[in-house]
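> Could you work out the structure for the sequence below:
(one chain, ligands or ions: 2)
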Amino acid sequence: MNKQVCIIGTGPSGLPAIKNLIEAGISVTAYDYNSDVGGNWIYNENESHSSVFETTHIISSKTLSQYEDFPFRPEVSDYPSHEELRHYFQSYAKHFKLYQHIEFNTLVKSCERKDNGLWEVTTIKDEHKQVETFTDLVVCNGHHWEPKYPNYPGKFSGSFLHSHQYKKAAPFAGKKVLVIGGGNSACDVAVESSRVTTKTAISWRRGYRIVPKFLMGKPTDVFATKMKFLPIYLRNLLAGLIAEINNGSNYVYGLQKPSHKFGATHPTINSELLYKIRHGKIMPKVEIDHFEGKKVFFKDNTNEEFDFIIACTGFALAHPFFDEKFLNYREGPVPLYLKMFHPKYDNLFFIGMFQPLGCIWPGAEQQSKLLSLALKKAWKRPSNIESLCEREVTHPHMKQINTNRHRITVDFHRFMRDLKSQIKKAV
Ligand SMILES: Cc1cc2nc3c(=O)[nH]c(=O)nc-3n(C[C@H](O)[C@H](O)[C@H](O)COP(=O)(O)OP(=O)(O)OC[C@H]3O[C@@H](n4cnc5c(N)ncnc54)[C@H](O)[C@@H]3O)c2cc1C
Ligand SMILES: NC(=O)c1ccc[n+]([C@@H]2O[C@H](COP(=O)([O-])OP(=O)(O)OC[C@H]3O[C@@H](n4cnc5c(N)ncnc54)[C@H](OP(=O)(O)O)[C@@H]3O)[C@@H](O)[C@H]2O)c1
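Numbering: from 1, shown residues only. Ligands and ions are numbered 1, 2, ... in the order given. Down below sits the predicted model:
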C-alpha cells in the first residue's frame with residue numbers, strides 16, 4: 001500500500017506537517033474538529049478548543065516565533081496578538097495550498113493500530129461515522145486544551161473555573177477574584193482581571209522569577225539569543241541574575257522567594273504583574289489550605305472571601321482517541337525520540353508535543369521536515385531508538401522540578417540544533 005498519512009489537528013503543529021508531507025509527494029488527509037486552521041489561536045468567546053482570551057499576546061517574540069518557510073509580515077507586532085497569529089496561520093495554509101487536504105468539522109474519535117500495522121481511524125462529522133485505513137498516523141492535537149484542576153479540602157461556594165474557560169475580564173467587573181498558579185496563564189489572568197475587579201489575589205504554591213517581556217529595548221528571547229552558545233546551566237544562571245537585577249527581590253513585592261534555580265520551572269514572562277502588585281491591584285497569597293463557603297484559607301493562616309476562583313493550573317497531555325491501555329501520557333514519563341518518534345511503533349508520530357523555553361511552532365516545523373524524510377526513508381530510524389527514548393527521559397536538556405508540566409521540556413536552541421542535525425544526516 002502506498003503511504004496514506006492521517007494527520008490529527010491543523011493548528012501551528014499540524015500545518016507544517018501537512019505542508020512538508022505534501023511537498024514530499026506523500027498523500028495526506030488531515031482532520032480537524034474546528035472549522036478553520038489555527039488551533040489554539042482561534043479565539044472564541046464561548047468555550048472551545050482554544051485557551052486564549054480576548055487580550056492574549058504571545059510570550060515568545062515574533063523573531064523567534066515564525067516558520068523559517070513563512071516569515072511574519074514586517075508590520076506584525078513584537079509580541080503578536082491571537083488575532084495576528086490566527087491570520088498568520090491561515091495565510092500559511094492558503095499560501096501553501098493546504099486547505100484541500102483538510103476535512104474540517106471532523107472529530108477523530110478513535111485510532112486503532114491493527115495487527116497488520118495499519119491504522120484504523122474513526123471520524124465523526126455531522127453525526128456521520130466513517131472508518132478509514134492509513135499507513136501512518138501523525139498526532140498534532142495540541143497539549144493546552146484539557147484543563148487540569150487542583151483539589152483542596154472543603155467546599156468553595158463561589159464560582160470555580162479554569163483558565164481554559166476565562167475569555168475576558170468583563171464578567172469579573174466589581175467581583176473578588178482569586179487566581180491560582182504562577183505560570184503564564186495565572187499571571188496574564190490576574191493582570192487582565194485586576195483591571196475591572198474590586199480585588200484580585202494570586203496564590204502561588206512556590207516562588208517564581210518573573211521575566212519581563214523586554215530587556216534593554218529588545219524582546220527578552222531576542223536578548224537571550226546572544227547567550228545561545230553558552231552551556232544551558234550558564235545561560236540559566238545569567239538569566240536568573242538579569243531577572244533579579246531588573247525586578248529586585250520577590251520579597252519587595254510580598255511574593256515568595258524561588259527555592260529553585262532559573263529554568264527549573266517553565267519561565268513566566270510578564271511585564272505587568274509586578275507593576276500591578278506595587279500599585280495595590282493584585283494581592284500575592286501563598287498556597288491554599290482549604291475552603292469554607294466563600295472563604296479561602298491560606299497556608300499562612302490568613303483567609304479572604306472571594307466570588308470567583310480561576311484555577312490556572314495547567315493542562316493535561318490528552319489523546320482521547322487512543323485506548324488508554326495503548327497509550328496514555330497523562331502522568332509519568334513521555335519516552336519519544338526527539339519528542340516525535342515512538343520507541344515501538346514506526347508509523348506513529350507526534351508533532352509539537354514538547355514544551356520549549358521559547359516558541360513551539362518553529363520546532364514543529366523542523367520535526368515536520370524530519371518526518372517527511374523519515375516517511376520517504378531518506379532518514380533512517382536509529383536501531384537503538386528504544387534506548388534513545390529512555391535517554392531523553394533520563395537526560396532532559398535541563399533539570400526541572402518534578403511537577404506534571406515539566407515532563408516534555410526542551411531548550412529551544414538545542415532542540416532546533418538537534419532536529420536540524422538529523423535533517424542534515426538524511427541522504
Ligand atoms: C493562552 C496561551 C498562550 C500561549 N502562548 C504561547 C506562546 O507565546 N508561544 C508558544 O509557542 N506557545 C504558546 N502557547 C502554546 C500553544 O499550545 C501553541 O502556541 C500552539 O497552539 C500549539 O500548536 P498545536 O498545533 O500543537 O496545538 P493546537 O493549537 O492546540 O491545535 C491542535 C488542533 O488539533 C485539533 N484537534 C484536537 N483534537 C482533535 C480531534 N480529536 N479531532 C480533530 N481535531 C482535533 C484542534 O481543533 C486544533 O485545531 C500558548 C497556549 C495558551 C493556552
Ligand atoms: N501570553 C502567553 O503567551 C501565554 C499565556 C498563558 C499560557 N501560555 C503558555 O501556555 C502553556 C500553559 O501555561 P499555564 O500557565 O496555563 O499552565 P502551566 O505552565 O502548567 O502552569 C500551571 C501553574 O499552576 C501550578 N499548579 C499546578 N497544579 C497546581 C495545584 N494543584 N495547586 C496549586 N498550583 C498548581 C503550577 O505549579 P508548579 O510550578 O508547581 O508546576 C504552575 O505554577 C505554557 O506553555 C505557557 O507558556 C502562554
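> which non-adjacent residue is nearest the residue nearest the centre of the chain?
In the chain, the C-alpha nearest the mean C-alpha coordinate belongs to residue 144, at 5.2 Å (C-alpha atoms, centre = their mean). Leaving aside its sequence neighbours, residue 144 sits nearest to residue 315 (C-beta to C-beta, 6 or more residues apart in numbering; 4.7 Å). For every residue, glycine as well, the C-beta is placed using N, CA and C.
> quick one: contacts for the one you found?
By C-beta atoms under 8 Å, 6 or more residues apart in numbering, residue 315 lies in contact with 51, 143, 144, 145, 146, 147, 148, 164.
> coming back round to it: okay but the residue nearest to the centre of the chain is in contact with residue 51, surely?
Yes - with contact defined as C-beta atoms under 8 Å, residue 144 reaches residue 51; the gap is 5.3 Å.
> so what sits against both of those two?
Counting by C-beta under 8 Å, 6+ apart, the residues touching both residue 144 and residue 51 are 40, 315.
> pLDDT weak spots in the stretch 201-350 of the chain?
Across the stretch 201-350 of the chain, nothing is flagged by pLDDT under 70.
> what residues does it put near ligand 2?
205, 206, 265, 266, 312, 313, 314, 315 (C-beta under 6 Å from any ligand atom).
> What parts of the stretch 301-427 of the chain come near ligand 1?
321, 352, 359, 360.
> so which of those residues is the most crowded?
The most crowded member of those, judged by other C-beta atoms under 10 Å, is residue 352 (27 neighbours).
> Could you look up the SS state of that one?
coil (DSSP: H, G, I helix; E, B strand; the rest coil).
> which residues does it contact?
11, 12, 13, 14, 140, 142, 143, 360, 361, 363, 364, 367.
> Please, where are all the helices along the stretch 201-350 of the chain?
220-225, 232-247, 273-278 (DSSP state H, counting those that start in this stretch).
> Put together JSON lines for the ones you listed, with distance to ligand 1 on each row.
Converted to JSON lines, these look like this (distance: least, C-beta to the nearest ligand atom, whole Å):
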{"stretch": "helix 220-225", "distance to ligand 1": "10"}
{"stretch": "helix 232-247", "distance to ligand 1": "17"}
{"stretch": "helix 273-278", "distance to ligand 1": "15"}
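> Using JSON lines, lay out the ones you listed together with distance to residue 300 and mean neighbour count.
Below are the helices of the stretch 201-350 of the chain laid out as JSON lines (distance: least, C-beta to C-beta, whole Å; neighbours: other C-beta atoms under 10 Å):
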{"stretch": "helix 220-225", "distance to residue 300": "31", "mean neighbour count": "20"}
{"stretch": "helix 232-247", "distance to residue 300": "22", "mean neighbour count": "16"}
{"stretch": "helix 273-278", "distance to residue 300": "17", "mean neighbour count": "20"}
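> could you dump the ones you listed to CSV with distance to residue 58?
Below are these laid out as CSV (distance: least, C-beta to C-beta, whole Å):
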stretch, distance to residue 58
helix 220-225, 10
helix 232-247, 19
helix 273-278, 17
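> right, so of these, which gets closest to residue 33?
Closest to residue 33 of those is helix 220-225 (C-beta to C-beta; 31.7 Å).
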